[in-house]
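Novice: sequence isn't available, so here's the structure alone:
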């Protein structure tokens, strides 16, 4: 069986890579911050990381076809503690250049089967939910099923290791159907650790 692969956007020090573990292969990672890039390289070695503004990337920078694209785009404009600019803000608005890359991959017939956006709960409520509705709309226009998973961090401590994160992604993919292209998926939290009897 081929090892599943992924792209990691807004990678920071590589927490997604740490969570997915050795059962997944990183094809490409990106962050614009050079300090974070140094930490990423110290943590993971290799040459997958491209330290550059996401707006400067093109689909030709993304090798192959990944099973998963993970984007932990900045939360400041979506956060309840932020200024409220939402997806129009300088920071959280970096969703758009990420999405342009995904749309480009759809056109090139090499779109990831699963795209995960990781952000604060304010993503769901920003501008009275209009920002989240916009995200859902662009995903659906590209042929993806879409939904939200709210993870209660207090319950998730110790949950997101390689095996558990893989199980979460697999359960979400099963819930939405394969391929993730035709129908809506709504999976509401909180996500709780499951005991062995429930696995």
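Specialist: Happy to help now that I have it. Owing to the predicted nature of the structure, the values given are computational and were not obtained by experimental measurement.
Novice: check which residues of the longest strand seen in the chain are buried.
Specialist: Ranked by residue count under DSSP state E, the longest strand found in the chain is strand 25-31. Burial within strand 25-31, assessed by neighbour count using 16 or more other CB atoms under 10 Å, is assigned to 26, 27, 28, 29, 30, 31. From N, CA and C alone the C-beta is placed, and that goes for glycine too.
Novice: residue boundaries of the strands in the chain?
Specialist: With strands called from DSSP E, the chain shows them at 5-9, 25-31, 49-51, 68-71, 114-117.
Novice: output the ones you listed in JSON lines; the columns should cover distance to residue 128 and mean pLDDT.
Specialist: Shown next, in JSON lines, are these (distance: least, CB to CB, whole Å; pLDDT from 0 to 100):
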{"stretch": "strand 5-9", "distance to residue 128": "27", "mean pLDDT": "97"}
{"stretch": "strand 25-31", "distance to residue 128": "31", "mean pLDDT": "98"}
{"stretch": "strand 49-51", "distance to residue 128": "36", "mean pLDDT": "98"}
{"stretch": "strand 68-71", "distance to residue 128": "23", "mean pLDDT": "96"}
{"stretch": "strand 114-117", "distance to residue 128": "19", "mean pLDDT": "94"}
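Novice: would you turn these into CSV with distance to residue 39?
Specialist: Formatted as CSV, these follow (distance: least, CB to CB, whole Å):
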stretch, distance to residue 39
strand 5-9, 13
strand 25-31, 9
strand 49-51, 10
strand 68-71, 17
strand 114-117, 22
